[in-house]
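Participant: coords please:
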Amino acid sequence: MAGQLIIPQHVGFIIDGNRRWARQHHKKYPWLGHRAGAEALDKTLENCMKLGIPQVSVYMLSTENLNREPKEVEELFNLYSEYLNKWESGEGGLLDKYEVHVRFAGDLGKLPPKLREVSEKIMRKTAKYQRRFLNLMIAYGGQFELMEVMKKIAAKALETGRIEVTPKDIEANLMVPVPLDLVVRTGGASRLSNFMLWQASYAEFYFTKKLWPDFDNAELLKAVRWFSGVKRNFGK
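Facilitator: Numbering: from 1, shown residues only. Next up, the predicted model:
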């Protein structure tokens with residue numbers, strides 16, 4: 001089946017709808033929707049690997065999400081720590097099986113110590129892999145990323161006296177320096193929500209009403225089939 005498709009080289013997922021899923025399923029707490037979303041993420045990543053998508057970026061937690069109810073943010077951090085510890089221990093074998101290099105992008109200093117620690121362990125452990133890449137965007141915002149880029153370029157300009165800035169200068173300093181081909185957003189909304197602003201400049205956007213915990217392989221294939229039928233002009 002994959003041979004009949006045009007496989008995007010870099011897919012970004014804006015995972016939306018966990019809390020609404022929890023309400024629809026009469027869950028007592030919103031973070032139970034996030035737990036269902038984590039299970040959907042495991043399955044989706046496996047399906048992406050099977051399709052042969054070489055790079056996946058997942059919008060796990062935005063800079064704005066950090067302003068949610070403290071208890072919900074705490075439960076999110078606990079959930080991330082639990083799942084990342086499972087990955088770090090090799091349980092499930094996804095990262096080793098598909099030789100996935102994991103990178104974390106965002107304002108990582110805002111994460112609790114135990115979450116930063118396991119994130120660093122996973123990055124070190126998977127750094128040897130160069131076949132596939134998984135970018136986990138956590139405490140991340142596209143505006144934050146571009147501001148960090150500007151700071152680096154400004155510091156270098158002060159040091160060298162060179163003021164000219166090119167697109168290559170910006171790309172070289174991005175947290176994820178690879179352009180997106182396809183952005184998939186669940187939950188029914190059709191907006192970018194501060195996700196990878198530079199990388200998404202010429203991406204194709206697939207919006208689905210499915211809430212993230214209900215996102216499955218059939219919907220992933222639907223998105224890739226849709227992408228396969230799009231004529232990409234890149235502004236030309």
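
Participant: List the contacts of F215.
Facilitator: 15, 40, 44, 186, 208 (CB atoms under 8 Å, 6 or more residues apart in numbering). For every residue, glycine as well, the C-beta is placed using N, CA and C.

Participant: what about Q130, which SS state?
Facilitator: coil (DSSP: H, G, I helix; E, B strand; the rest coil).

Participant: ok, now I163?
Facilitator: coil.

Participant: One more: F13?
Facilitator: strand.

Participant: what is it paired to in the beta sheet?
Facilitator: For F13, the beta-bridge partners are V58, V184 (DSSP bridges).

Participant: do you know how far the residue lying farthest from the centre of the chain is from K152?
Facilitator: Most distant from the centre of the chain: G161, at 35.6 Å, with distances by CA atoms, centre = their mean. According to CB to CB, to the nearest Å, G161 stands 16 Å off from K152.

Participant: Regarding D169, what are the backbone dihedral angles?
Facilitator: phi -60, psi -40 (degrees, to the nearest 10).

Participant: show me the residues around it that make contact.
Facilitator: For D169, the contacting residues are I153, by CB under 8 Å, 6+ apart.

Participant: Give me the pLDDT value at the spatially most central residue of the chain.
Facilitator: Central residue check for the chain by CA atoms, centre = their mean: the C-alpha nearest the mean position is that of V58, 1.5 Å away. On pLDDT, V58 comes in at 98.

Participant: what does A2 give?
Facilitator: For A2, the pLDDT comes out at 44.

Participant: who's L136 bridged to?
Facilitator: V58, F104.

Participant: surely it meets L61?
Facilitator: No. In this structure L136 lies outside contact range of L61 using CB atoms under 8 Å: 9.1 Å.

Participant: how about the strands in this structure?
Facilitator: Using DSSP state E, the strands of the chain run over 10-14, 55-62, 100-105, 132-140, 182-185, 204-207.

Participant: Is it possible to get JSON lines of these that adds distance to F77?
Facilitator: Formatted as JSON lines, the strands of the chain follow (distance: least, CB to CB, whole Å):
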{"stretch": "strand 10-14", "distance to F77": "20"}
{"stretch": "strand 55-62", "distance to F77": "9"}
{"stretch": "strand 100-105", "distance to F77": "13"}
{"stretch": "strand 132-140", "distance to F77": "9"}
{"stretch": "strand 182-185", "distance to F77": "23"}
{"stretch": "strand 204-207", "distance to F77": "28"}
